[in-house]
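Asker: need coordinates for the below:
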Amino acid sequence: MNFLGHLLLTEPTRAGLLGAILGDFVKGPLTGRFDGALERAIALHRAVDSYTDRHPAVRASVARVSAGRRRYAGILVDIFFDHFLVRHWARYGTESLDDLVERTYATLLEESSRLPPRLQSLAPRMVAQDWLRSYGERDNVALTLRRVSTRLRRGEPLAGGIVELERDADALEADFHAFVPAAIAFARHWRASAPGGDLSE
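Answerer: Numbers count the residues shown, from 1 in each chain. Sure, this is the predicted structure:
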């Protein structure tokens, strides 16, 4: 899942919001690197990523990507699913999208000193360009794919990946709706059963 998907599934706490984003920037063992609540949020991010990669609906979306872009199919599907999530937020979110996004942006800026260097430099642009809400527009999805492609070796096929969404939007959206309720249930169960219990209760 991409940023917004992780925010949907995390605990609605300051540590949860931070971990939902930080999980893409922190590698290796966690024990003792952060406070317990933040380590738990990053662990949830990793568990969601693993669950996402195995889910049949996600695999179906990956298989829809054309052969020339197949090596980037995971990135494409993550971003496409955030596109659908913005458009269907009222169906799946438990608070308004605007409230969640503004709390997330404020947390990133206020916690800047705790962020890894790459995220420190990225966070002000994420906020200024309103990345999270912008996924709802296809033009912004195309812009995101071009931006991500510049960070990858041989990323040129990814830059034009919006054509995959344009060609197969209905099927991809059906996969998204098959996946999200299952992901919500998975995250809820993980949060209840992991050490520390569900901090959102």
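Asker: and for the helix or strand of the chain with the lowest mean pLDDT, what's in contact with it?
Answerer: Sorting the helices and strands of the chain by mean pLDDT, DSSP states H and E puts helix 156-159 at the bottom, at a mean of 86. With CB atoms under 8 Å, 6 or more residues apart in numbering as the contact definition, helix 156-159 has outside contacts at 68, 69, 71, 72, 75, 76, 145, 146, 148, 149, 150, 152. For the C-beta atoms, the positions are set from N, CA and C on the backbone; glycine is no exception.
Asker: can you give me the buried ones in the next helix-or-strand element following that helix?
Answerer: Following helix 156-159 in sequence order, the next helix or strand is helix 162-193 (DSSP states H and E). Residues of helix 162-193 classed as buried by neighbour count (16 or more other CB atoms under 10 Å): 162, 164-165, 168, 172-173, 175-176, 179-180, 183, 186-187, 190-191.
Asker: where does the protein dip in pLDDT?
Answerer: 155, 195-201 (pLDDT under 70).
Asker: name the residue most distant from the centre of it?
Answerer: Distance from the C-alpha centroid of the chain, by CA atoms, centre = their mean, peaks at residue 32 (24.7 Å).
Asker: torsion angles phi and psi at that residue?
Answerer: With angles defined as degrees, to the nearest 10, residue 32 sits at phi 80, psi 0.
Asker: residue 29 versus residue 2, what's the distance?
Answerer: 24 Å (CB to CB, to the nearest Å).
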